[in-house]
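Asks: I would like to see how this sequence folds:
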Amino acid sequence: MLFFVGTWYLMLRTLDISYWLTLALAVPAAFFLVRLFIIQHDCGHASFFRSRAANNTVGFWLGVMTLTPYRYWKRTHAIHHASSGDLDRREFGEVDTLTVKEYRERSRLGRLGYRLYRNPFVLFVIGPVWQFMIKHRYPIDTPRSWKREWRGILWTNLALLAIIIVMGLTIGVKRFLMVQLPISLIAGALGVWMFYVQHQFEDTYWEHHPDWSFFAAGIEGSSFYDLPAILHWLTGNIGYHHVHHLSSLIPNYRLKECYRENPELHHVTRLSLVKSLECLRYKLWDEDMHKLVSFRAAKTAGA
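Replies: So this is what the prediction gives:
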């Protein structure tokens with residue numbers, strides 16, 4: 001928290017010096033915000049603190065900072081953990097993924113829509129703006145029966161409004177947005193990228209519900225994103241994603257230790273920074289080959 005607040009304040013001070021310097025500082029600030037999101041994530045799993053009240057209180061206020069309503073995200077993310085890799089339960093918290101067969105059965109307009117959705121610019125630039133800044137303010141896909149989650153969304157929005165009013169009365173809305181917007185845009189793109197590469201790699205796991213296995217989905221459908229030490233710290237060790245999916249009660253500060261002490265966790269898909277870029281190729285799940293394939297590969301196979 002101190003790193004984020006300190007960098008935010010430096011960005012504010014540099015507005016009168018050079019906005020390029022302000023934007024440069026937005027990069028480390030965004031990484032610090034991603035780390036705070038992972039702490040919020042652990043609070044949602046009731047793993048960061050022993051106290052439920054501490055997890056929920058800290059999680060809520062971090063949700064305000066990350067533009068992510070805590071209770072809403074906690075519930076949808078639990079659904080993701082319970083259904084990741086299940087072809088018959090592609091619900092909340094997933095990057096939309098079609099099978100080759102489903103893609104071919106779509107109309108020409110439907111295929112175009114899916115291609116646009118899977119375009120990197122849409123996924124990592126437009127997508128985070130939509131998800132964090134717009135949809136999280138009023139997530140219309142949330143059932144009305146989720147009353148506690150809807151209250152959390154309302155309180156998060158009210159807290160954000162209060163912050164904007166206070167910032168407007170102190171430093172001015174324009175200066176506030178000049179600092180906060182770049183941070184939120186970069187952090188959003190980083191967050192979506194981390195989630196994307198942790199499940200959207202070539203030999204990931206998808207099965208229909210009768211054959212679906214929670215254990216297999218965790219160990220085969222989640223990658224080990226082997227990052228440099230500083231990036232592991234900045235991203236709250238979420239790169240050890242297969243460990244997290246096998247047991248979400250392990251807090252981020254114990255994931256690395258758990259990985260080291262259990263050799264069986266070493267035999268998973270490992271992605272380096274360079275290799276992770278290959279994940280951008282894969283768009284469709286081929287049920288015959290049991291792997292993600294590119295649009296071109298799917299077209300060639302169907303020729």
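Asks: bridging residues for Leu292?
Replies: For Leu292, the beta-bridge assignment (DSSP bridges) gives partners Trp285.
Asks: unless I'm mixing things up, it is touching Asp286, no?
Replies: Yes: in this structure, Leu292 is within contact of Asp286 by C-beta atoms under 8 Å, at 7.3 Å. (Glycine included, C-beta is placed from N, CA and C.)
Asks: Between those two, point out the one with more neighbours.
Replies: Higher neighbour count among Leu292 and Asp286: Leu292, with 23 against 17, using other C-beta atoms under 10 Å.
Asks: list the contacts for Thr204?
Replies: Shown in contact with Thr204 (C-beta atoms under 8 Å, 6 or more residues apart in numbering): Gly85, Glu220, Gly221, Ser223, Thr269, Lys291, Leu292.
Asks: Just say helix, strand or coil for it.
Replies: The three-state label given to Thr204 by DSSP: H, G, I helix; E, B strand; the rest coil is coil.
Asks: Please determine how far it is located from Phe121.
Replies: 23 Å (C-beta to C-beta, to the nearest Å).
Asks: Now stretch 88-101: buried residues?
Replies: Neighbour-count burial for stretch 88-101, with 16 or more other C-beta atoms under 10 Å as criterion, is recorded at Arg89, Arg90, Phe92, Gly93, Glu94, Thr97, Leu98, Thr99, Val100.
Asks: part of a strand, is the second one?
Replies: No: counting by three-state DSSP, Arg90 falls outside a strand, being coil.
Asks: quick one, strands of the chain?
Replies: For the chain, the strands defined by DSSP state E cover 98-99, 224-225, 270-271, 284-286, 291-293.
Asks: Pick the one among the buried residues of stretch 88-101 closest to Leu15.
Replies: Nearest to Leu15, judged by C-beta to C-beta, of these is Gly93 at 36.2 Å.
Asks: related to what we said a few turns ago, can I get the contacts of Thr204 in JSON lines including pLDDT and distance to His245?
Replies: As requested, these are exported to JSON lines (pLDDT from 0 to 100; distance: C-beta to C-beta, whole Å):
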{"residue": "Gly85", "pLDDT": "93", "distance to His245": "9"}
{"residue": "Glu220", "pLDDT": "93", "distance to His245": "10"}
{"residue": "Gly221", "pLDDT": "93", "distance to His245": "7"}
{"residue": "Ser223", "pLDDT": "94", "distance to His245": "10"}
{"residue": "Thr269", "pLDDT": "93", "distance to His245": "12"}
{"residue": "Lys291", "pLDDT": "94", "distance to His245": "19"}
{"residue": "Leu292", "pLDDT": "95", "distance to His245": "17"}
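Asks: quick one: low-confidence ranges for the protein?
Replies: Applying pLDDT under 70 to the chain flags the ranges 301-303.
Asks: repeat that with 90
Replies: Within the chain, the segments meeting pLDDT under 90 span 1-2, 90-94, 140-142, 297-303.
Asks: Just to check, Trp206 is in contact with Leu284?
Replies: No: using C-beta under 8 Å, Trp206 is not in contact with Leu284, being 10.6 Å away.
Asks: what's the overlap in contacts for the two?
Replies: Contacts common to Trp206 and Leu284, judged by C-beta under 8 Å, 6+ apart, are Thr97, Thr99.
Asks: Report how many residues lie close to the closest residue in space to Leu273 that isn't next to it in sequence.
Replies: Distances taken as C-beta to C-beta, 6 or more residues apart in numbering put Leu227 closest to Leu273, at 6.7 Å, once the chain neighbours are dropped. By other C-beta under 10 Å, 20 other residues sit near Leu227.
Asks: Nice, that's everything, thank you.
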